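Engineer: Below: sequence and its predicted model.
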Amino acid sequence: MPSIDEAVRTEPSTLQETARRHLWMHFTRMSAYDDAEIPVIVRGAGCYVYDEHGNRYLDGLSSLFCVNIGHGRADIAQAGADQAKELGFFTNWSYAHPPVIELAAKVASLAPGDLNRVFFTSGGSEAVESAIKLARQYHKLTGNPNKTKLIAREVAYHGTSLGALSATGITSLRQPFEPLTPGGCHVVNTNTYRMPSGFVVADLVEAIAARIEFEGPDTVAAVILEPVQNAGGCFVPPEGYFQRVREICDEYNVVMISDEVICSWGRLGEWFGAQRYDYQPDIITTAKGLTSAYAPMGAVIASDRIAEPFMDGANSFTHGFTFGGHPVCAAVALANIAAFEREGILEHVRENEGPFRAMLESLRDIAIVGDVRGAGYFQAIELVKDRTTHESFSDAESEMLLRGFLSVELYRRGLICRADDRGDPVIQLSPPLISGPQQFEEIEAVLRPVLDEATERMHVHRD
């Protein structure tokens, strides 16, 4: 059971009743809480969070890949409070203010190559939406008005706004909102554990070129890819994959978008995932770890080449958000980045990636563990019925395994992570970047017995 923090133990409150009556939670089966308590998190400290009863949990998901610097950092929050006293808000529409100017310069200095123009948003979906619109308008300004389509990968998640949803390759997320923004096209992802029949590794990237040819090169505006694909369970790229994507984009005059809403700000041990895999995109989308989620902020980082036509004459990027570049958020982001540099967070991730991965690899002796994959502090375990054949679970079995047992039991034992089946069933782990061997031991101490019990419950054959 989770440990009890006496300092935050509370008497029964009306929070549960009020939440059930008024709060509409995101991506949540609300009926699941008809007869169950809603987890109410009231405090965070370092790698841990505490619920309303004082129970402590290891935040093995960084609160949805966000709180990279860890919980309870008063210095990060104070930077926002200090800025609010000076200038709480002023629009970024035709105006600027010191923190957003300083942040734009800082982000540009850390981004790879000539990605020197920074367009701020309020979050990740807004960043992806903005990048799609930027690519389309770029082609119109440069004499290619028919280049509007977008190539993305199957099972990939790129956001929930209608434009970003057209890039998202998850059927169950798309169908309720169809018809979507037109132009979204999808190709095979880099799940080498489950290669399509007849494919070799090189075919995974050549599928992008083939789809561009099929659609017609004069109709394709952009390719959008995550350095490590989140949905499906941390699919890493094969050797040379992104270098070949760069060649394809250059050949067909297609904008290369690196969607790094998750994979930037140290998650993979570098400022940006493109640096981890040594490729040069035209645009990076980012959010989450930019502020370690102490304030909502995202960004589109564009190359000088992409920005150039918008800097000429009467042209402008006819797009924006009220809170894009918010001064309080910018101040928080600057404080967050300064803490990363001061405390050697990237170096810490690089030093501890090996031990983290080794701990997860040690779980391969459990029969239900089929694959372990990922990079940096962004890892996944795929669960299977048969390791020899890679046989997965049926939809009904996945429902029973993930929602009927794993999600509840992992949380009950004090570990917050993601049990997901947007592809095949996986457990994802993405702890705060300050975590280390102590937290890895705690994760294993929960995962091992729970996965052993899952093996028995699902009647998985032991080798």
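Structural biologist: Right, received. Where do you want to start? Residues are numbered from 1 along each chain as shown.
Engineer: so what are the domain limits for the chain?
Structural biologist: Structurally, the chain divides into domains by automatic domain parsing as follows: 6-72+344-457, 75-343.
Engineer: Can you tell me which of those domains is most buried?
Structural biologist: Mean neighbour count (mean count of other C-beta atoms under 10 Å) peaks for domain 75-343 among these, with a mean of 20. The C-beta positions use only the backbone N, C-alpha and C, and glycine is treated the same way.
Engineer: measure T160 to V384 for me?
Structural biologist: The gap separating T160 from V384 is 29 Å, by C-beta to C-beta, to the nearest Å.
Engineer: do R211 as well
Structural biologist: Shown here: R211 relative to V384, a distance of 29 Å by C-beta to C-beta.
Engineer: Give me the nearest residue to the residue positioned nearest the centre of the chain, chain neighbours excluded.
Structural biologist: Centroid check for the chain by C-alpha atoms, centre = their mean gives I262 as the closest residue, at 3.0 Å. Spatially, and ignoring its direct neighbours in sequence, I262 is nearest to F65 (4.6 Å; C-beta to C-beta, 6 or more residues apart in numbering).
Engineer: Going by residue numbers, what spans are strands in the stretch 251-400 of the chain?
Structural biologist: 255-259, 283-286, 298-303, 369-375, 378-383 (DSSP state E, counting those that start in this stretch).
Engineer: Format these as CSV; extra columns: distance to R350 and mean pLDDT.
Structural biologist: CSV is the format used below for the strands of the stretch 251-400 of the chain (distance: least, C-beta to C-beta, whole Å; pLDDT from 0 to 100):
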stretch, distance to R350, mean pLDDT
strand 255-259, 20, 98
strand 283-286, 20, 98
strand 298-303, 22, 98
strand 369-375, 11, 98
strand 378-383, 13, 98
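Engineer: Please tell me I have it right and the residue nearest to the centre of the chain contacts C234.
Structural biologist: No - with contacts counted by C-beta atoms under 8 Å, I262 stays clear of C234, the gap being 9.7 Å.
Engineer: what touches both of the two?
Structural biologist: Common neighbours of I262 and C234 (criterion: C-beta atoms under 8 Å, 6 or more residues apart in numbering): V228, F378.
Engineer: before we move on, the earlier item: where among the domains of the chain is average confidence lowest?
Structural biologist: Per-stretch mean pLDDT for those is lowest at domain 6-72+344-457 (a mean of 94).
Engineer: Report the inter-axis angle for the top helix by length along the chain versus strand 369-375.
Structural biologist: When the chain is parsed with DSSP state H, its longest helix is helix 437-457. Angle, helix 437-457 to strand 369-375, by axes from the mean of the first three to the mean of the last three C-alpha atoms, to 10 degrees: 150 degrees.
Engineer: which secondary structure elements does helix 437-457 contact?
Structural biologist: strand 56-59, helix 345-361, strand 378-383, helix 407-412, strand 415-416 (3 or more C-beta pairs under 8 Å, 6 or more residues apart in numbering; DSSP states H and E).
Engineer: Pipe these into TSV and attach distance to G46 per row.
Structural biologist: Listed next are the helices and strands packed on helix 437-457 as TSV, based on distance: least, C-beta to C-beta, whole Å:
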stretch	distance to G46
strand 56-59	9
helix 345-361	13
strand 378-383	19
helix 407-412	19
strand 415-416	14
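Engineer: and E17, which of these is closest to it?
Structural biologist: Closest of those to E17 is helix 407-412, at 21.1 Å (criterion: C-beta to C-beta).
Engineer: how far is the closest one from where the chain is centred?
Structural biologist: On the basis of C-alpha atoms, centre = their mean, to the nearest Å, helix 407-412 sits 22 Å off its chain's mean C-alpha point.
Engineer: same deal with stretch 97-108?
Structural biologist: Stretch 97-108 sits 23 Å away from the centroid of its parent chain (C-alpha atoms, centre = their mean).
Engineer: Mind listing residues that contact it?
Structural biologist: By C-beta under 8 Å, 6+ apart, the surrounding residues in contact with stretch 97-108 are 83, 87, 90, 92, 115-118, 120, 290, 299, 301, 325, 327, 330-331, 333-334, 337.
Engineer: next one: stretch 67-80
Structural biologist: Applying C-beta under 8 Å, 6+ apart, the contact partners of stretch 67-80 are 43-49, 59, 62-63, 265-267, 288-289, 291-295, 328-329, 331-332, 334-336, 339-340, 345, 432-434.
Engineer: Redo the strands of the stretch 251-400 of the chain as TSV? Include distance to P145.
Structural biologist: Below are those laid out as TSV (distance: least, C-beta to C-beta, whole Å):
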stretch	distance to P145
strand 255-259	15
strand 283-286	19
strand 298-303	20
strand 369-375	38
strand 378-383	38
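Engineer: can you tell which of these is closest to G124?
Structural biologist: G124 sits nearest to strand 298-303 of all the strands of the stretch 251-400 of the chain, at 5.3 Å, using C-beta to C-beta.
Engineer: so what strands line up beside that closest one?
Structural biologist: The pairing partners recorded for strand 298-303 under DSSP bridges are strand 115-121 (antiparallel), strand 283-286 (antiparallel).
Engineer: Could you dump these into a markdown table and include distance to H461?
Structural biologist: Below are the strands paired with strand 298-303 laid out as a markdown table (distance: least, C-beta to C-beta, whole Å):
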| stretch | distance to H461 |
| --- | --- |
| strand 115-121 | 48 |
| strand 283-286 | 43 |
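Engineer: Of all the ones you listed, which one is nearest Y138?
Structural biologist: strand 283-286 (9.3 Å).
Engineer: Quick one: residues contacting the nearest residue to Y252 once chain neighbours are set aside.
Structural biologist: If the residues on either side of it in the chain are set aside, Y252 comes closest to P217, at 4.4 Å by C-beta to C-beta, 6+ apart. Residues in contact with P217, defined by C-beta under 8 Å, 6+ apart, are Y252, N253, V254.
Engineer: Where helices are concerned, which of those count?
Structural biologist: Judged by DSSP H, the contacts of P217 include Y252 as members of helices.
Engineer: separation between the nearest residue to I434 once chain neighbours are set aside and Y95?
Structural biologist: Distances taken as C-beta to C-beta, 6+ apart place G70 nearest to I434, at 4.4 Å, with adjacent residues excluded. Using C-beta to C-beta, we find G70 at a distance of 34 Å from Y95.
Engineer: re the thing from before, return the distance of the residue nearest to I262 relative to G289.
Structural biologist: Distance from F65 to G289, counting by C-beta to C-beta: 7 Å.
Engineer: Now for those two: what residues contact both?
Structural biologist: I262, R267.
Engineer: Correct me if wrong: L346 contacts F340.
Structural biologist: Yes - contact criterion C-beta under 8 Å: L346 and F340 qualify, at 6.7 Å.
Engineer: Which helix or strand contains A222?
Structural biologist: Following DSSP states H and E, one finds A222 within strand 220-225.
Engineer: Over to T91?
Structural biologist: Using DSSP H and E, no helix or strand contains T91.
Engineer: Also the one 4 residues further on?
Structural biologist: Here Y95, judged by DSSP H and E, is contained in no helix and no strand.
Engineer: any idea how far it is from F89?
Structural biologist: For Y95, the distance to F89 - C-beta to C-beta - is 11 Å.
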